[in-house]
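Chemist: Fold the following and give me the result.
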Amino acid sequence: MATSLQQLLDALAERTAAPTAVAAIEDVAGALGHLGRAVAGLTDDGLSPGLSARQQTAAHLAVACTTVGRLWLPTGGPLTDLAGAAADLTGRTRAVMGRAHRWAVTVELAEAADHCARLAHRLLPRAAVAELAAVRRLAAAVERDAQADPPTASGAAVLDRLVAVSGLPRAGEELSAGDGAAALIGALDRALRTDGLALRDFRAAVAAAEIASDCASSVFATAVGDEGMRPLLSAVAWELVGRVSMTFDDGRRARPTDPRGVVPWARALADALRNDLGSHADLTALRDGDDFARLTRTVQQVTNQLPVLADRLTAAVDRWSRNGQIYAAARDLPPMDNMPEDRIREVIAGRRVQARGADLDRLRRALTSASALSSSLADAVNRAASPAAPSQRHLAGLYAERARAPGAGERLLSHADNVNEAIAGSRFAQGINSPGLGAGGPAR
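Modeler: Predicted coordinates:
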């Protein structure tokens, strides 16, 4: 099943911070060794623009944790496994981290190291006193720095990034929607790190996001008891992204589908959501049952990942904009001020041209609106599902911060108006009637 770095560190804290916690000293030392490995990787990448007290303190903490980890022979155990998984996940995520992300993760790892050092000292009060004291002193220094300069909401959000821990399900096995969302984002990351994202992959991810938004809207409306108030604009915004993308092609010939690629995971996510939620009528009947609470948590987990997915797709569009990997009919591209003569000739002749820079502005704007409206939808679902203790608390905090920022309401209304106007024009041009707000749903 999918997990996140925060979930792993929370599980480690639960096992080490309790006053009655019991563990083998070798297990605790192994956990500290893995935490040291994770912090070392983050400090290697940099916590500040140059050499700083923060950078040095974290680097010394990494050395102190690694030192304790070598004092006892490794035997493994639940603490070692959790910390090892957290360190591995930190390493896998480093490629998409900036300094703000690295600082947020370092603070959480320092807290975990402090818990482990406390437990080790309680288990063997006279063993490795100096080494364990060094871990606690340096972890406390990191935590004091974090009090003076707390991680930003956007930086801490990386702690809630879902990561899949299994492949596509075998015949007869069920895939959770959370697994599907995590695997889809992972597949997008792999594509962006290699030869870039194909338009087919882009459209598959967009379609999955549209379905997820539609499902989330249904669950939100059912949770608050107003089935007529379905905030479908997030789904419509994703529909618009897909429609705008049809202007372009990348000239790639059909090739076998990568079983670990974007398309299979987008399909798996859509199927999992449809299987979990069924029809809108089913949701209404389930509203007061325990099963609806489970479905709400599932949708909440997936919806929180939609703006993350939008960020990956925006990165793909930015790359296309720079390298001219995709093409379009010149007459279908946005009008240009002082259009060059060669572009005028291409428009008149109906030629296909490389799309670069401002040629992708419509697609970029559509994605910006989809991201903003998905963030608003995620905030609404988080508040409806568990306002006291939201799942994925860092992402929930980020979306709440965005929703309450000065001018957020006006910007959101502008995005909604732009989406409504653009999608109405697109549907009219294609002879498609726009459905009312009560139409659609997970089974659509």
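Chemist: Could you check how far E341 is from V347?
Modeler: Remark: distance between E341 and V347 (C-beta to C-beta, to the nearest Å) = 11 Å. Backbone N, C-alpha and C define where each C-beta goes, glycine included.
Chemist: who's more crowded, the two?
Modeler: More neighbours surround V347 than the other of E341 and V347, with 18 against 7 (other C-beta atoms under 10 Å).
Chemist: where's the more buried one, which helix or strand?
Modeler: Element membership for V347 (DSSP states H and E) is helix 341-349.
Chemist: Give me the contacts around that helix.
Modeler: Residues outside helix 341-349 that contact it (C-beta atoms under 8 Å, 6 or more residues apart in numbering) are A330, R331, M336, M339, V353.
Chemist: Identify each buried residue in that helix, please.
Modeler: E346, V347 (16 or more other C-beta atoms under 10 Å).
Chemist: Could you pull up the mean pLDDT of it?
Modeler: For helix 341-349, the mean per-residue pLDDT is 82.
Chemist: Stretch 62-74 too?
Modeler: Stretch 62-74 comes out at a mean pLDDT of 96.
Chemist: what distance separates that stretch from the centre of its chain?
Modeler: 32 Å (C-alpha atoms, centre = their mean, to the nearest Å).
Chemist: list the buried ones in it?
Modeler: In stretch 62-74, counting by 16+ other C-beta under 10 Å, buried: A62, A64, C65, T66, T67, V68, G69, L71, W72.
Chemist: likewise stretch 17-28?
Modeler: A21, A23, A24, I25, E26, D27, V28.
Chemist: Check stretch 137-154 too.
Modeler: Within stretch 137-154, the residues scored as buried using 16+ other C-beta under 10 Å are L138, A139, A141, V142, D145, A146, P151, A153, S154.
Chemist: And the contacts of it?
Modeler: Under C-beta under 8 Å, 6+ apart, the answer for stretch 137-154 is 53-54, 57-58, 60-61, 64, 100, 103-104, 106-107, 110-111, 113-114, 117, 394, 397-398, 401.
Chemist: Show me where this structure has its strands.
Modeler: 248-249, 327-329, 352-354 (DSSP state E).
Chemist: Single out the most deeply packed of the ones you listed.
Modeler: Of all the strands of the chain, strand 248-249 has the most neighbours on average by mean count of other C-beta atoms under 10 Å, namely a mean of 18.
Chemist: ok, now how distant is L377 from L233?
Modeler: 8 Å.
Chemist: Quick check: which ranges of the chain have low pLDDT?
Modeler: Within the chain, the ranges that satisfy pLDDT under 70 run 1, 165-173, 226-232, 254, 278-290, 387-390, 426-444.
Chemist: buried stuff in stretch 379-396?
Modeler: In stretch 379-396, counting by 16+ other C-beta under 10 Å, buried: 379-386, 390-396.
Chemist: Most widely separated two among these?
Modeler: Comparing every pair within those by C-beta to C-beta identifies A384 and H394 as the most remote, at 18.8 Å.
Chemist: Phi, psi for the most far-flung residue of the chain relative to its centre please.
Modeler: Taking C-alpha atoms, centre = their mean as the measure, the residue most remote from the mean C-alpha position of the chain is R126, 44.1 Å away. Main-chain dihedrals, R126, degrees, to the nearest 10: phi -100, psi 0.
Chemist: wait, what's in contact with it?
Modeler: Contacts of R126 by C-beta under 8 Å, 6+ apart: none found.
Chemist: re the thing from before, could you point out which of the strands of the chain sits nearest T257?
Modeler: Once those are compared by C-beta to C-beta, strand 248-249 is nearest, at 18.0 Å.
Chemist: Count the residues that sit near D214.
Modeler: The burial count for D214: 25, using other C-beta under 10 Å.
Chemist: Now it: closest residue in space, sequence neighbours ignored.
Modeler: Nearest residue to D214, sequence neighbours excluded (C-beta to C-beta, 6 or more residues apart in numbering): A235, at 4.2 Å.
Chemist: Count the neighbours of that neighbour for me.
Modeler: A235 has 27 nearby residues by other C-beta under 10 Å.
Chemist: Quick check: it touching S217?
Modeler: Yes - under the criterion of C-beta atoms under 8 Å, A235 makes contact with S217 at 6.3 Å.
Chemist: which residues touch G155?
Modeler: G98, A100, H101, W103, A104 are the contacts of G155 under C-beta under 8 Å, 6+ apart.
Chemist: can you do 7 Å?
Modeler: Neighbour list for G155: A100, H101, W103, A104 [criterion: C-beta atoms under 7 Å, 6 or more residues apart in numbering].
Chemist: ok, and the closest non-adjacent residue to it?
Modeler: Nearest in space to G155, with sequence neighbours left out and distances taken as C-beta to C-beta, 6+ apart, is A100 at 3.2 Å.
Chemist: Tell me who's in contact with that neighbour.
Modeler: By C-beta under 7 Å, 6+ apart, A100 lies in contact with P151, T152, S154, G155.
Chemist: Walk me through the domains of the chain.
Modeler: Per the record, the chain has its domains at 5-160, 177-429, by automatic domain parsing.
Chemist: Neighbours of L373, how many?
Modeler: L373, neighbours per other C-beta under 10 Å, totals 26.
Chemist: so how far is Q392 from it?
Modeler: 19 Å.
Chemist: With T106 instead?
Modeler: 20 Å.
Chemist: Check R255 too.
Modeler: 36 Å.
Chemist: now swap in A187 and tell me
Modeler: From A187 to Q392 the distance is 20 Å (C-beta to C-beta).
Chemist: For G251, which residues are in contact?
Modeler: Counted by C-beta under 7 Å, 6+ apart, G251 has contacts Y327.
Chemist: make it 10 Å
Modeler: L199, Q325, I326, Y327, R352 (C-beta atoms under 10 Å, 6 or more residues apart in numbering).
Chemist: And the second one, its phi and psi?
Modeler: Main-chain torsions, Q325, degrees, to the nearest 10: phi -80, psi -20.
Chemist: I'd like the distance between the nearest residue to E108 once chain neighbours are set aside and L82.
Modeler: Distance criterion C-beta to C-beta, 6+ apart; nearest residue to E108, sequence neighbours excluded, is L9 at 5.3 Å. Per C-beta to C-beta, L9 is found 8 Å from L82.
Chemist: Common neighbours of the two, please.
Modeler: Shared contacts of L9 and L82, counting by C-beta under 10 Å, 6+ apart, come down to A112.
Chemist: Turn the strands of the chain into a markdown table, including distance to W320.
Modeler: As requested, the strands of the chain are exported to a markdown table (distance: least, C-beta to C-beta, whole Å):
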| stretch | distance to W320 |
| --- | --- |
| strand 248-249 | 8 |
| strand 327-329 | 10 |
| strand 352-354 | 10 |
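Chemist: Return the residues in contact with the nearest residue to A183 once chain neighbours are set aside.
Modeler: Closest residue to A183 apart from its sequence neighbours, by C-beta to C-beta, 6+ apart: A164 at 3.9 Å. A164 makes contacts with 1-3, 175-176, 178-187, 265, as judged by C-beta under 10 Å, 6+ apart.
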